[in-house]
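Visitor: Next input, structure requested:
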Amino acid sequence: MARLVIETPRLILRPPEAEDFSGFCALMAYEASAKFIGGVQPPEVVWRTLCMMSGAWTIRGFSMFSVIEKETGHWIGRLGPWQPEGWPGTEVGWGLLSSAQGRGYAAEGASAAIDYAVDVLGWTEIIHCIDPKNAPSVKVAERLGATRLRTAEAPPPMTGIVWDVYGQTADGWRARSE
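Guide: Numbers count the residues shown, from 1 in each chain. Purely as a prediction, here's the structure:
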């Protein structure tokens, strides 16, 4: 299988690799970057998440991408298609290191991931599951053209978490891009 790489003006998106483990650990080590994506986690839990995302590429044919900043070559986060069993829909999500936040990277990368989800995966709806207190992610979703559609409870083992689900149809996404 050829290595999938998607490039944007400032980013490289590719499936996670073993060398990304330290970046994943950095993302989940600090409350500022981990708060809305599972909370601070020790390396042993982060390893399982990395393996789960990598395994989803094999089992489902898609998962989140590692995000590499072109200018520096550094791993800065993960984003992309996400739909584990029991998920409330076909999501394109994002999580970036604090140092990469506020620079437009989430919207730039998510836009490319939505194109991939619509054009390659054939998704007809794109959602973003966002904690109502996560104002920056709400702004990213709105910048992408998403609107609040509904609320959804997270599936086990994340029981008790309720998200605002933002989203749009593939046709709405395509019309916006024309």
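
Visitor: Run through who's touching the lengthiest helix in the chain.
Guide: Under DSSP state H, the helix in the chain containing the largest number of residues is helix 43-59. Helix 43-59 has contacts (Cβ atoms under 8 Å, 6 or more residues apart in numbering) with 15-16, 20-21, 24-25, 27-28, 38, 41, 62-64, 78, 84. C-betas here are computed from N, CA, C, even on glycine.

Visitor: where does the protein have low pLDDT?
Guide: The chain contains residues with pLDDT under 70 at 1-2, 177-178.

Visitor: Which stretches in it count as helices?
Guide: Secondary structure of the chain (DSSP H): helices at 21-29, 31-34, 43-59, 105-119, 135-143, 170-177.

Visitor: what's the neighbour count on residue 55?
Guide: Counted with other Cβ atoms under 10 Å, the neighbours of residue 55 add up to 11.

Visitor: That one and residue 64, how far apart?
Guide: Residue 55 sits 12 Å away from residue 64, going by Cβ to Cβ, to the nearest Å.

Visitor: Now do the contacts for residue 156.
Guide: residue 86.

Visitor: Now it: phi and psi?
Guide: Torsion angles at residue 156 (phi, psi; degrees, to the nearest 10) stand at phi -60, psi 140.

Visitor: Could you measure from it over to residue 84?
Guide: Distance of residue 156 to residue 84, computed by Cβ to Cβ: 11 Å.

Visitor: re earlier: in ChimeraX, how would I select the buried members of the contacts of helix 43-59?
Guide: Selecting the buried subset of the contacts of helix 43-59 in ChimeraX, with 16 or more other Cβ atoms under 10 Å as the burial test, is done by:
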select :15,16,20,21,24,25,27,28,41,62,63,64,78
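
Visitor: If you drop the residues flanking it in sequence, what lies closest to residue 9?
Guide: Nearest residue to residue 9, sequence neighbours excluded (Cβ to Cβ, 6 or more residues apart in numbering): residue 108, at 7.2 Å.

Visitor: Number of residues surrounding that neighbour?
Guide: The burial count for residue 108: 18, using other Cβ under 10 Å.

Visitor: so what's it up against?
Guide: Residue 108 makes contact with 8-11, according to Cβ under 8 Å, 6+ apart.

Visitor: which of these are the two that sit furthest away from each other?
Guide: By the measure Cβ to Cβ, 9 and 11 form the most distant pair in the contacts of residue 108, at 7.7 Å.

Visitor: if you count what's nearby, which of those two comes out ahead?
Guide: Just comparing residue 9 and residue 11: by other Cβ under 10 Å the higher neighbour count belongs to residue 11, 21 against 7.
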